[in-house]
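In: Got a predicted model here, sequence first, then my questions.
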Amino acid sequence: MSGQDTVIKLGGYDAAIMDMDGVITRTARAHAVAWKKMFDHYLTERSGKDGRDYLPFDDHQDYYRYVDGKPRYDGVSSFLQSRGIDLPYGSPEDPPERETVCGLGNRKNNYFLEHLEKEGVEVYQSSVDFVKLMKKRNKHIAVISSSRNARAVLDAAGVRGLFPVVVDGMDMAEDDIRGKPEPDIFLEAARRLGVDPQRCMVIEDAISGVEAGRAGGFGLVIGIDRSGKNPGLRESADMVVGDLSEIRSG
């Protein structure tokens, strides 16, 4: 349904739970760049050790299929499994040069933070406008993210005050909240808002995110496909748009 206006009757919903990266902030590309840099460096290192040739990380297909929207270490494990690579999990305190799932995840995070420091954080104005419309209609808003940097990113983007409820990677670690495609992070956001999931919209740009919204029994699952290169969204989302500016309230 991308590319044409879509009417949503907001009266049928009490809240919207929005993913951060790629929905509110323009950081999805920064994540993809950091994942590619980390995996390509690691695959090159590994090929030098075991003599195998590894295809580079594809920052569209591999990104959407294995890492997009997932907690960092889950994304590392998912992609490595796709290449037949088995590493020890390690510990979140592992240094980035350590050859463990956590070590590689921490290396990726360093690349991501370096990118943010150089490029800054921008927001999608259409998403900010949607949040303001929801608030004007006295609807509840929450933001979720698998990133442990979510609050810092929202602060840097100047939009932290728009979201009274934030559930991020730090909360997931502290409260043992399972990552997407499990619905737990969305259900926790709905619980904190005090809203029945069936009365909530979920707005996501990741396949794992729309799958989580569907699994959680949410009233409406909206996929955002800004690049037009993520057809898998349509398998679980109720509707797919290229941008929230395509949505009209009814």
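Out: Cool, the structure landed.
In: how much space between residue 20 and residue 156?
Out: Taking Cβ to Cβ, to the nearest Å as the measure, residue 20 falls 12 Å from residue 156. Where you see a C-beta, it was placed from the backbone N, CA and C, and this is true even at glycine.
In: Neighbour count: these two, which is higher?
Out: residue 20 (27 against 17; other Cβ atoms under 10 Å).
In: Which residue ranges make up each domain of this protein?
Out: Taking automatic domain parsing as the reference, the chain has its domains at 6-26+122-249, 30-119.
In: Deepest-packed of those domains, please.
Out: Of all the domains of the chain, domain 6-26+122-249 carries the top mean neighbour count, a mean of 19, counting by mean count of other Cβ atoms under 10 Å.
In: How far does that one sit from its chain's centre?
Out: When C-alpha coordinates are averaged (Cα atoms, centre = their mean, to the nearest Å), domain 6-26+122-249 and its chain have centres 9 Å apart.
In: now do the same end-to-end measure for that domain.
Out: Using Cα to Cα, to the nearest Å, one end of domain 6-26+122-249 lies 8 Å from the other.
In: Rounded mean pLDDT for it, please.
Out: Average pLDDT, domain 6-26+122-249: 95.
In: Show me the residue at the heart of the protein, geometrically.
Out: The centroid of the chain falls nearest to residue 69 when counting by Cα atoms, centre = their mean (3.2 Å).
In: Just the pLDDT for it.
Out: 83.
In: Would you check that it makes contact with residue 185?
Out: No - look at residue 69 against residue 185 with Cβ atoms under 8 Å: they stay out of range, at 9.9 Å.
In: residues shared between the contacts of these two?
Out: Between them, residue 69 and residue 185 share these contacting residues under Cβ atoms under 8 Å, 6 or more residues apart in numbering: residue 146.
In: how much space between residue 233 and residue 221?
Out: Going from residue 233 to residue 221 by Cβ to Cβ gives 9 Å.
In: ok, and what's touching the biggest helix by length in the chain?
Out: Secondary structure of the chain per DSSP state H: the longest helix is helix 28-50. Contacts to helix 28-50, defined as Cβ under 8 Å, 6+ apart, come from residues 21-22, 52-57, 59-60, 62-63, 67-68, 75, 79, 83, 85, 104, 107-109, 111-112, 115-116, 119, 205.
In: What strand or helix carries residue 209?
Out: For residue 209, the element it lies in under DSSP states H and E is helix 207-215.
In: Tell me how far residue 8 lies from residue 138.
Out: According to Cβ to Cβ, residue 8 stands 16 Å off from residue 138.
In: what does residue 196 give?
Out: 16 Å.
In: same thing with residue 62?
Out: Counting by Cβ to Cβ, the gap from residue 62 to residue 138 is 42 Å.
In: Residue 119 too?
Out: From residue 119 to residue 138 the distance is 36 Å (Cβ to Cβ).
In: Repeat that for residue 203.
Out: For residue 203, the distance to residue 138 - Cβ to Cβ - is 18 Å.
In: same thing with residue 229?
Out: Residue 229 is 37 Å from residue 138, by Cβ to Cβ.
In: How about residue 81?
Out: According to Cβ to Cβ, residue 81 and residue 138 sit 45 Å apart.
In: Quick one, grab the pLDDT at the residue of the chain positioned farthest from its centre.
Out: Here the centre of the chain is the reference, and by Cα atoms, centre = their mean the most remote residue is residue 51, at 34.4 Å. Listed pLDDT for residue 51 reads 91.
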